[in-house]
Structures are given as structure tokens and as C-alpha cells.
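*Asks:* My questions are about this predicted structure, shown below with the sequence.
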Amino acid sequence: MKTLVAYFSAEGTTARLAKHLADAIHADCFEIKPVEPYTAADINWKSPLARCNKEKIGKKDVPYVGTVSNFDQYDTICLGFPIWYYGAPNIIQTFCKDYDWTGKKIILFATSGGSNLGKTADKLKPFIKGDPTVISAGVFDSAGHLAAAVQGAM
Ligand SMILES: Cc1cc2nc3c(=O)[nH]c(=O)nc-3n(C[C@H](O)[C@H](O)[C@H](O)COP(=O)(O)O)c2cc1C
């Protein structure tokens with residue numbers, strides 16, 4: 001069985017950690033890329049009318065490009081994202097809803113400006129069908145620490 005690293009990154013920080021992780025554990029990598037890329041204005045949460053705030057308030061789905069082919073082949077999925085509003089960005093919920101997670105192991109990893117994961121895993125649960133096992137979850141600021149944590153969990 002195989003491992004997939006699936007990640008969303010608006011500003012590049014999570015992408016850097018995710019790519020390093022995929023290399024370190026020889027996993028396939030899927031970027032969860034919004035159909036409409038985020039501009040700097042879109043993610044300016046200080047502006048009430050910014051796209052990120054509208055998506056958050058409207059609980060909107062955020063479509064992404066493509067799909068993971070043959071999701072069934074993966075037994076472990078490392079799911080990475082930036083913390084937005086103390087949780088996962090809406091695009092992660094959209095991604096989670098699209099697949100059947102029965103029998104999967106999930107590793108959640110995030111980057112943030114300082115927040116920890118808090119209730120992020122619990123808040124994602126309603127969007128993940130199949131009751132998978134979360135074997136590890138954390139916020140990381142170093143690619144090396146993330147790879148070591150994941151290698152230790154697997
Ligand atoms: C819309 C938005 C909301 C954010 N909310 C939080 C937050 O609640 N807590 C936090 O520590 N950082 C927050 N951040 C900062 C990001 O989590 C942090 O900069 C992250 O490393 C960015 O990852 P990326 O470069 O992969 O997009 C937020 C950033 C954005 C754009």
C-alpha cells in the first residue's frame with residue numbers, strides 16, 4: 001500500500017514542507033489547487049470583504065483542480081494546510097468530502113502564524129466519511145521536524 005501527501009498552500013509555506021515530506025517518505029504528492037487561485041487581496045483577512053472572509057462566513061465550498069486518481073490505492077494520507085481562522089481552510093473540507101476515507105490512516109499537518117491545531121481535527125470530522133484513524137496531527141515550522149514526526153508515526 002502507498003502513502004499520499006495532499007496539501008493546500010496559499011503562500012508557499014505549507015507547500016515547502018509538503019514537498020519535503022513527500023520526498024522523505026517516498027510518497028505521491030497531490031496539490032489541492034483552487035480553481036480560482038488566491039491573490040494577495042483574496043487572503044487579506046484584515047479586509048472584511050476579502051474572498052477568504054466571505055468563504056469563511058458563507059461556509060463555501062472551494063473547488064480545486066483535478067482529482068486524486070485511484071484514491072483506493074493509498075492506506076495513509078498526509079493532509080497539509082495552513083491554519084485559517086483556527087482551523088482548516090474551506091478547500092480542505094471540499095477535498096475531504098470528495099473521497100471515501102474508510103480504512104485510511106490520516107496524518108494532519110499544518111503551518112500557522114502561531115496557532116496550534118486546537119479543534120481542527122474535530123471540526124473536519126463531519127466532512128470525512130468513513131471514520132478514518134487520525135494517527136498524528138500537528139503544526140510545524142520546520143520541514144525536518146515534520147518528516148521526523150511522520151516517520152515516527154507510520
Ligand atoms: C485567511 C487567513 C487566516 C489565517 N488564520 C490564522 C490563524 O487563525 N492562526 C494562525 O496562527 N495563523 C493564521 N494565518 C496565517 C497562516 O496560517 C500562515 O501564514 C501559514 O503558514 C500560511 O501557509 P501557506 O504559506 O502554505 O499558505 C492565516 C492566514 C490567512 C491567509
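*Replies:* Happy to help now that I have it.
*Asks:* Compute the first-to-last residue distance for stretch 86-105.
*Replies:* One end of stretch 86-105 sits 23 Å from the other (Cα to Cα, to the nearest Å).
*Asks:* List the buried residues of it.
*Replies:* Buried positions in stretch 86-105, judged by neighbour count with 16 or more other Cβ atoms under 10 Å: 87-96, 99, 101, 104-105. All C-beta atoms are positioned from the backbone trio N, CA, C, and that covers glycine.
*Asks:* Tell me which strands the strand ranked longest in the chain pairs with, and in which orientation.
*Replies:* Secondary structure of the chain read by DSSP state E shows that its longest strand is strand 74-82. Looking at strand 74-82 with DSSP bridges, its partner strands are strand 2-7 (parallel), strand 105-111 (parallel).
*Asks:* Tell me which residues touch the residue nearest to Lys60 when sequence neighbours are not counted, please.
*Replies:* Leaving aside its sequence neighbours, Lys60 sits nearest to Asn90 (Cβ to Cβ, 6 or more residues apart in numbering; 5.9 Å). Neighbour list for Asn90: Glu55, Lys56, Lys59, Lys60, Asp61, Val62 [criterion: Cβ atoms under 8 Å, 6 or more residues apart in numbering].
*Asks:* and stretch 138-154, does that touch the ligand?
*Replies:* No: interface with the ligand: stretch 138-154 contributes nothing (Cβ under 6 Å from any ligand atom), its closest point being 8.1 Å away.
*Asks:* which stretches of this protein have low pLDDT?
*Replies:* Under the criterion pLDDT under 70, no range of the chain is flagged.
*Asks:* what residues does it put near the ligand?
*Replies:* Neighbours of the ligand within the chain, by Cβ under 6 Å from any ligand atom: 9-15, 43, 45, 52, 82-86, 111-115.
*Asks:* in the protein, which helix has the most residues?
*Replies:* If each helix of the chain is counted by residues according to DSSP state H, the longest one is helix 13-25.
*Asks:* The helix or strand that that helix is followed by pairs with which strands, and in what direction?
*Replies:* Proceeding N to C from helix 13-25, the next assigned helix or strand is strand 28-31, under DSSP states H and E. Paired strands of strand 28-31, with direction, are strand 2-7 (parallel) (DSSP bridges).
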